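Undergrad: here is a sequence with its predicted model. Questions after.
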Amino acid sequence: MIDATRDRVARLLAEADGAMDAAAVAAAVGIHVTTARFHLDRLVDAGQALRAPMAEGMRGRPRVGYSPAAAMRTEPSRAAMVAALAGALADDPDGPVRARAAGRAWAATLGGAPELVDVLERLGFAPESDGDGIRLRACPFLDAARIHPGIVCQVHRGIIERVVGDAAADVRLIPFEGTRGCLVALPMS
């Protein structure tokens, strides 16, 4: 039940024209405002939503608005295509190797020598520093990654390898590490 309600809240945010506060989410989904805040906070913790004050030009504490992380704004047809491609590669014995090569090729199209965090941000991973690594709080291909992690995560690993270059042998991608998303473990300096 919790997952179904949270999915409804996430879909509502993704389809909204702008940020929504907890009261609007509660009314739209048909739940209590406290329950809406609970689900919105869990979406923020998971990197699937962003929280920010809503500018209203009024006195007092501003309402808190919630909007989807960039990764949630994907079109259904794009998500279906990604799932189909991942499924096709999953059936191929060389699929993980080919997926990794595709990730490296994709990263090559990004131009120059970009910083890893910048690339991950542009691609919708909502990266944040986390000790000796980078926590990926969102995944632009989460649905496909849950079904075919051996393919989708290899694409992501290929992107990371291409961006970090010579240090790639010392960098690890740890998919679904803990409850806060994936982790890019970086070598200690």
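TA: Yes, it's here.
Undergrad: average pLDDT across stretch 65-73?
TA: Throughout stretch 65-73, pLDDT has a mean value of 72.
Undergrad: and stretch 146-164, by the same measure?
TA: For stretch 146-164, mean pLDDT is 92.
Undergrad: just the CA atoms of that stretch, as PDB, please.
TA: The C-alpha trace of stretch 146-164 is given here as PDB (Å, rounded to 0.1, in the frame of the first residue of the first chain):
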ATOM      1  CA  ARG A 146      15.600  -2.600 -11.600                       C
ATOM      2  CA  ILE A 147      14.700  -5.200 -14.200                       C
ATOM      3  CA  HIS A 148      18.100  -5.400 -16.000                       C
ATOM      4  CA  PRO A 149      20.700  -4.000 -13.600                       C
ATOM      5  CA  GLY A 150      23.500  -6.100 -15.300                       C
ATOM      6  CA  ILE A 151      22.800  -4.100 -18.500                       C
ATOM      7  CA  VAL A 152      21.700  -0.600 -17.400                       C
ATOM      8  CA  CYS A 153      24.300  -0.300 -14.700                       C
ATOM      9  CA  GLN A 154      27.000  -1.400 -17.100                       C
ATOM     10  CA  VAL A 155      26.000   1.600 -19.400                       C
ATOM     11  CA  HIS A 156      26.500   3.900 -16.400                       C
ATOM     12  CA  ARG A 157      29.800   2.200 -15.500                       C
ATOM     13  CA  GLY A 158      31.000   2.800 -19.100                       C
ATOM     14  CA  ILE A 159      30.000   6.500 -18.800                       C
ATOM     15  CA  ILE A 160      32.000   6.800 -15.600                       C
ATOM     16  CA  GLU A 161      35.000   5.000 -17.000                       C
ATOM     17  CA  ARG A 162      35.200   7.300 -20.100                       C
ATOM     18  CA  VAL A 163      34.900  10.400 -18.000                       C
ATOM     19  CA  VAL A 164      37.500   9.400 -15.300                       C
END
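Undergrad: give me the residues contacting that stretch.
TA: 82-83, 86-87, 89-90, 95-97, 99-108, 110, 114-116, 119, 123, 141, 144-145, 168, 171, 173, 175-176, 182, 184 (CB atoms under 8 Å, 6 or more residues apart in numbering). Where C-beta positions appear, they are placed from N, C-alpha and C, glycine not excepted.
Undergrad: quick one, which of those are buried?
TA: Buried subset of the contacts of stretch 146-164 (neighbour count, 16 or more other CB atoms under 10 Å): 82-83, 86, 89-90, 95-96, 99-104, 106-107, 116, 119, 123, 141, 144-145, 171, 173, 175-176, 182, 184.
Undergrad: among the residues you listed, which are in helices?
TA: Counting by DSSP state H, those place 82-83, 86, 89-90, 95-96, 99-104, 106-107, 116, 119, 144-145 in helices.
Undergrad: show me the domain layout of the chain.
TA: Domains of the chain are assigned by automatic domain parsing as 2-68, 73-185.
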